[in-house]
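Student: the sequence isn't on hand, but the structure is:
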């Protein structure tokens, strides 16, 4: 008996069930894309995954494939899902620290049947390249297990994933990327910084994760321009974007950034990445967005408050001082800039990105010029944690600039 056969013979894994009848009547499923660092006490996100899988007793197949230790990563997720009412089980497909040949496992009829019978799929975090390496064959075709995952989704199930598990939702994804500033300076290349994803969200929307805390919005602009994406969504940590069709909702701890490049352009005569008229919207907890109509609907707590309308002559902005961001790629800096600008008497804000003087290209940096437009709008609500803004349609131009060195000197 092989390792896979022994595993499939254990009661913990062998738990096939028919799809929940209410879900089987659906024409399509849902996505729960989590920006990474999902806390096990974030009941809202875990419960939503279970609810979309059909509620209490839902069978959720957990792939720890992206992780360094797939079983340990999956075990933690299984515990959280089961606490929320699911009957989650481990799918023994991993490239590391597991004694089952993943190339055999993805073709196992018994495992394929088990995955296909689930109500939902959950991908843990780690390295997204491990997921695609395991679930595509050597010729880039779907393996039978990947077809089973798609079958769950098409029958109305939920596909959820955190960090790497969210990255694979796109048709194209980041593979082995460098930090955002290095990629702005040096460019990105297929097969290195970028790779093929699993594409559950479809070919028209790009997905990125760990977005705000790691300043990754800049690399979103770059990869979307490179691949011709007009729309994208970047999700912060401990936060999820739930999608059904073209409708998205933000749940969890923080928020997500929607990127729209439909009106953007670039100048190929400039020496590095540049873009003009990229449009950014920040969605906070409870906000909704439709990628078809490009309509942002604020959370109910904000919808009852006066709008922050910079184009209304009767509106008095709260902020009077011009803002400046010396490190636009810092933790959540882009959201702070957008929130300040929408409620500011000034029309523009400048942010800078530059590196270590010992970098390969120390003189090359980037100016990020944020500005309001005729369709810019904001919503505000006070909370126990502070002030929460939702911001629609802030425009940004990114231009390479030259820095003199040394940048500073003692008096």
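Tutor: Everything's here; your move. As the structure is a prediction and not an experimental result, all values here were calculated from the model.
Student: would you mark the buried spots in stretch 57-76?
Tutor: 58-67, 70, 73-74 (16 or more other Cβ atoms under 10 Å). In this view, the C-beta of every residue, glycine as well, is placed from N, C-alpha and C.
Student: could you report the neighbour count for residue 147?
Tutor: Neighbour count of residue 147, defined by other Cβ atoms under 10 Å: 15.
Student: just to revisit the earlier point, the buried residues of stretch 57-76 in helices, which ones?
Tutor: Secondary structure from DSSP state H places 70, 73-74 of the buried residues of stretch 57-76 in helices.
Student: name the nearest of those relative to residue 352.
Tutor: residue 73 (37.7 Å; Cβ to Cβ).
Student: where in the protein is pLDDT low?
Tutor: 1-3, 5-27, 383-387 (pLDDT under 70).
Student: could you identify the longest strand within the chain?
Tutor: Ranked by residue count, the top strand of the chain under DSSP state E comes out as strand 364-383.
Student: how far out from the middle of the chain is that strand?
Tutor: In this view, strand 364-383 has its centroid 20 Å away from the chain centroid, taken as Cα atoms, centre = their mean, to the nearest Å.
Student: helices and strands around that strand, which ones?
Tutor: Applying 3 or more Cβ pairs under 8 Å, 6 or more residues apart in numbering; DSSP states H and E, one finds that strand 364-383 contacts helix 180-186, helix 300-303, helix 333-342, strand 348-353, strand 386-402.
Student: out of the buried residues of stretch 57-76, who's nearest residue 193?
Tutor: Looking across these and measuring by Cβ to Cβ, the closest to residue 193 is residue 66, at 17.6 Å.
Student: list the contacts for that closest one?
Tutor: Residues in contact with residue 66, defined by Cβ atoms under 8 Å, 6 or more residues apart in numbering, are 73, 123-128, 130-131, 163-165.
Student: thinking again about what came up before, hey, which of the helices and strands packed on strand 364-383 is tucked in deepest?
Tutor: Sort the helices and strands packed on strand 364-383 by mean neighbour count, taking mean count of other Cβ atoms under 10 Å, and helix 333-342 sits at the top with a mean of 23.
Student: one step back: from the ones in helices among the buried residues of stretch 57-76, pick the one nearest residue 239.
Tutor: The closest of those to residue 239 turns out to be residue 73 (Cβ to Cβ; 19.4 Å).
Student: which one is the closest one nearest to, not counting chain neighbours?
Tutor: residue 67 (3.5 Å; Cβ to Cβ, 6 or more residues apart in numbering).
Student: thought residue 76 was touching the one you found, still the case?
Tutor: No. Here residue 67 does not reach residue 76: they are 9.6 Å apart, not a contact under Cβ atoms under 8 Å.
Student: what do the two both touch?
Tutor: Common contacts of residue 67 and residue 76, defined by Cβ under 8 Å, 6+ apart, comprise residue 124.
Student: OK, contacts around residue 245?
Tutor: residue 28.
Student: one more: residue 88?
Tutor: Contact analysis of residue 88 by Cβ under 8 Å, 6+ apart lists 59-62, 77-78, 81-82, 122.
Student: take those residues and keep only those in strands.
Tutor: Short answer: the contacts of residue 88 in strands (DSSP E) are 59-62, 122.
Student: using JSON lines, lay out those residues together with distance to residue 372.
Tutor: Formatted as JSON lines, the ones in strands among the contacts of residue 88 follow (distance: Cβ to Cβ, whole Å):
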{"residue": "59", "distance to residue 372": "49"}
{"residue": "60", "distance to residue 372": "44"}
{"residue": "61", "distance to residue 372": "46"}
{"residue": "62", "distance to residue 372": "44"}
{"residue": "122", "distance to residue 372": "40"}
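Student: just give me the closest of the buried residues of stretch 57-76 to residue 153.
Tutor: The closest of the buried residues of stretch 57-76, once distances to residue 153 are taken by Cβ to Cβ, is residue 61, at 11.7 Å.
Student: what's the distance between the closest residue to the closest one other than its chain neighbours and residue 254?
Tutor: With sequence-adjacent residues excluded and distances taken as Cβ to Cβ, 6+ apart, residue 61 is closest to residue 118, at 4.2 Å. Noted for residue 118: a distance of 29 Å to residue 254, by Cβ to Cβ, to the nearest Å.
Student: so for these two, which residue has more residues nearby?
Tutor: Set side by side, residue 118 and residue 254 show more neighbours around residue 118, with 29 against 21, by other Cβ under 10 Å.
Student: you'd agree residue 266 is up against residue 272?
Tutor: No. Judged on Cβ under 8 Å, residue 266 makes no contact with residue 272 at a distance of 10.7 Å.
Student: about what we covered before: and the buried residues of stretch 57-76, which is closest to residue 375?
Tutor: Nearest member of those to residue 375, counting by Cβ to Cβ, is residue 66, at 38.2 Å.
Student: and the closest one, its phi and psi?
Tutor: phi -70, psi -20 (degrees, to the nearest 10).
Student: run a quick neighbour tally on the residue nearest to it when sequence neighbours are not counted.
Tutor: Nearest non-adjacent residue to residue 66, counting by Cβ to Cβ, 6+ apart: residue 126, 3.1 Å away. By the criterion of other Cβ under 10 Å, residue 126 has 23 neighbours.
Student: residue 126 against residue 68, yeah?
Tutor: Yes. Shown here, residue 126 and residue 68 form a contact pair, counting by Cβ under 8 Å, at 6.4 Å.
Student: quickly list the domain ranges of this protein.
Tutor: 3-280, 297-402 (automatic domain parsing).
Student: determine which stretch of those is the most buried.
Tutor: domain 3-280 (a mean of 20).
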